[in-house]
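Asks: I'd like to go over a predicted model; first the sequence, then the structure.
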Amino acid sequence: MNIDFEKMQGLVPAIVQDSVTGDVLMLGFMNREAFERTFAIGYVTFFSRTRNQLWTKGETSGNRLKVVSASTDCDRDSLLLKVEVEGEGVVCHEGTRSCFTQVLHTSSPAPEER
């Protein structure tokens, strides 16, 4: 499958989702090398934009992300990786299962208030 790595200067966003619960766990970025390594070893590997290097999630913590399935969007410029979390189940570096824990309040009324 051809993934379009050119739209974002060689990177594509990779959304990580729990394969059982459907919870969105994190978002990372992959370059072609990280993408190929992910499928070669079966564990999610990202490209760190701050360190400018590959990193396989959970290498040091043991909370690895085993790929169960993968898909791309219609433009083939982003990925959805369904995973099984190994280890203690902590995905976020802040010690939570998901990186998406910060609630933002919007000015829009809730659907039931419209």
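Replies: Yes, it's here.

Asks: for the rest of this, base every contact and every neighbour count on C-alpha atoms.
Replies: Will do.

Asks: would you say Leu81 is within a helix?
Replies: No: residue state for Leu81 (DSSP: H, G, I helix; E, B strand; the rest coil) corresponds to strand; a helix is not indicated.

Asks: how many neighbouring residues does the residue nearest to Val85 when sequence neighbours are not counted have?
Replies: Leaving aside its sequence neighbours, Val85 sits nearest to Leu65 (C-alpha to C-alpha, 6 or more residues apart in numbering; 4.9 Å). As a burial measure, Leu65 scores 27 neighbours (other C-alpha atoms under 10 Å).

Asks: cool, the one 10 residues further on as well?
Replies: Here the count is done by other C-alpha under 10 Å, and Asp75 has 8 residues near it.

Asks: in what helix or strand does it lie?
Replies: Taking DSSP states H and E as the definition, Asp75 sits outside all helices and strands.

Asks: name the nearest residue to it, sequence neighbours excluded.
Replies: Leaving aside its sequence neighbours, Asp75 sits nearest to Asp4 (C-alpha to C-alpha, 6+ apart; 7.8 Å).

Asks: tally of neighbours for that neighbour?
Replies: Using other C-alpha under 10 Å, the number of residues around Asp4 comes to 17.
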